[in-house]
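# Kindly return the folded structure for what I paste below:
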Amino acid sequence: MTDELEPLSPGRALEMYLEAKQDELREKTLSGQKYRLEAFVQWCDEEGVENLNELSGRDMYEYRIWRREGHGEDREEIAPVTLRGQLATLRSFLRFCEEIDAVTEGLREKVPLPVVSDAEGVSDTTLEPDRAEAILDYLNRFNYASRRHVMLLLMWHTGARVGGIRALDLDDCDLASDHPGVEFVHRPEVDTPLKNGEGGERWNAITPRVARVVQDYIENNREEVTDDYGRRPLITTSQGRVAVSTLRDNLYAITRPCWRTGACPHDRDLEECEATAYVHASKCPSSRSPHDVRSGRVTAYHRQEVPRRVVSDRLNASEDVLDKHYDRRGAREKAEQRRDYLPDL
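Coordinates of the predicted model:
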């Protein structure tokens, strides 16, 4: 960095940052950083900041408050743990801006990060195993072998991330053998990366019943299309390989209690509740995310006392990560399970 700053607009700086990070970050990570930094560009526009050279420590404080309170187009108030993540991305961006002489040296250190406790850093929502099974039973009866049915069935029985489910091709599925299963393969060059790269590659066994549902979906409900690379995705739309956002929205929709039971546990008027609309399904307090499905699956495995190493290998996550981010058993429940292994208790 030189002593002379060179004028640079926020929008152009973001473009340069994303271009510089293309070879370092996976596409999903890069997309997330772009979304978080677009909020900062919005703030600069509102405040009339056309040149990053002008930014000061006070500006960083004011941006933090602005973002915390949910200002900005299509933005909402956010929790401290989310705000910390967004400000950490801003620090990374400002480090890059320092390197290209666009902001004063040390500005990134003036971005105040909120202090987050361990409890705040972990989501407390989950898809309880009993509820997951109830939704799957409903799908089995009324939406058998539909895209939604297969999506949740595979997520629940493999514990895979939604990106892994999206990445599956027909050729990754062995459904007819006596020991059926699906293979997760990292293919970033053709738009289906796995979160942990090649380290996330694995073969997951599934039951013959799950294999039969997937096969029925392929034969009766799957759109017979290829993706942009000529591959045959397992889960499709009329446009090709299903998008992660579509899978996520489908999950929000089918985990709303009113979708399955016609009743609302939150005492909302269903004729006026915006969450009854598919595009706003995530606004239902009872709707659940892909992360919640994984946490529910981990919780179910632990209640069944499946060995920790087996769960770790199947879900492609370390035992520490599973304990911190996915196991939703309470302290009392864990203690009662340990009782069976301890003498004189």
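# For residue 204, give me its contacts.
Applying CB atoms under 8 Å, 6 or more residues apart in numbering to residue 204 gives the contacts 158, 160, 181, 182, 183, 184, 314. Glycine gets a C-beta too; all of them are placed from N, C-alpha and C.
# just checking, which of these belong to helices?
Those of the contacts of residue 204 mapping onto helices are 158, 314, per DSSP state H.
# Make JSON lines from the contacts of residue 204 and add pLDDT and distance to residue 301 to it.
Formatted as JSON lines, those follow (pLDDT from 0 to 100; distance: CB to CB, whole Å):
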{"residue": "158", "pLDDT": "92", "distance to residue 301": "12"}
{"residue": "160", "pLDDT": "91", "distance to residue 301": "14"}
{"residue": "181", "pLDDT": "93", "distance to residue 301": "17"}
{"residue": "182", "pLDDT": "96", "distance to residue 301": "18"}
{"residue": "183", "pLDDT": "95", "distance to residue 301": "21"}
{"residue": "184", "pLDDT": "95", "distance to residue 301": "18"}
{"residue": "314", "pLDDT": "78", "distance to residue 301": "8"}
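# In the contacts of residue 204, find the pair that's most separated.
With distances taken as CB to CB, the most widely separated pair in these is 183 and 314, at 13.0 Å.
# okay, now the domains of the chain?
As given by automatic domain parsing, the domain ranges for the chain are 10-110, 129-287, 292-339.
# could you dump the ones you listed to JSON lines with distance to residue 4?
Supplementary listing: those in JSON lines, determined by distance: least, CB to CB, whole Å:
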{"stretch": "domain 10-110", "distance to residue 4": "7"}
{"stretch": "domain 129-287", "distance to residue 4": "39"}
{"stretch": "domain 292-339", "distance to residue 4": "45"}
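# Return the member of those having the minimum mean pLDDT.
The minimum mean pLDDT among those belongs to domain 292-339 (a mean of 66).
# Kindly state the beta-bridge partners for residue 202.
Taking DSSP bridges as the rule, residue 202 bridges to residue 184.
# ok, it to residue 184 distance?
6 Å (CB to CB, to the nearest Å).
# Quickly list what's touching both of these two.
Listed contacts common to residue 202 and residue 184 are residue 316; contacts here mean CB under 8 Å, 6+ apart.
# So between these two, which is more surrounded?
Applying other CB atoms under 10 Å to residue 202 and residue 184 shows that residue 184 carries more neighbours, namely 22 against 19.
# Do a quick rundown of the strands in this structure.
Taking DSSP state E to define them, one finds strands in the chain at 173-174, 181-184, 202-205, 236-237, 240-241.
# Those: which one's closest to residue 227?
For residue 227, the closest of these is strand 240-241, at 4.1 Å, according to CB to CB.
# Residues contacting that closest one, please?
Residues outside strand 240-241 that contact it (CB under 8 Å, 6+ apart) are 166, 191, 192, 225, 226, 227, 228, 231, 233, 235.
# Which of these sits closest to residue 297?
Using CB to CB, residue 166 comes nearest to residue 297 of those, at 17.4 Å.
# That closest one contacts residue 192, correct?
Yes. Proximity of residue 166 to residue 192 meets the contact threshold set by CB atoms under 8 Å, at 6.9 Å.
# Could you measure from residue 12 over to residue 94?
To residue 94, residue 12 is 15 Å away according to CB to CB.
# Compare those two (neighbour count), which wins?
Using other CB under 10 Å, the more surrounded residue of residue 12 and residue 94 is residue 94, with 25 against 13.
# Can you name the residues that contact residue 48?
By CB under 8 Å, 6+ apart, the contact set of residue 48 is empty.
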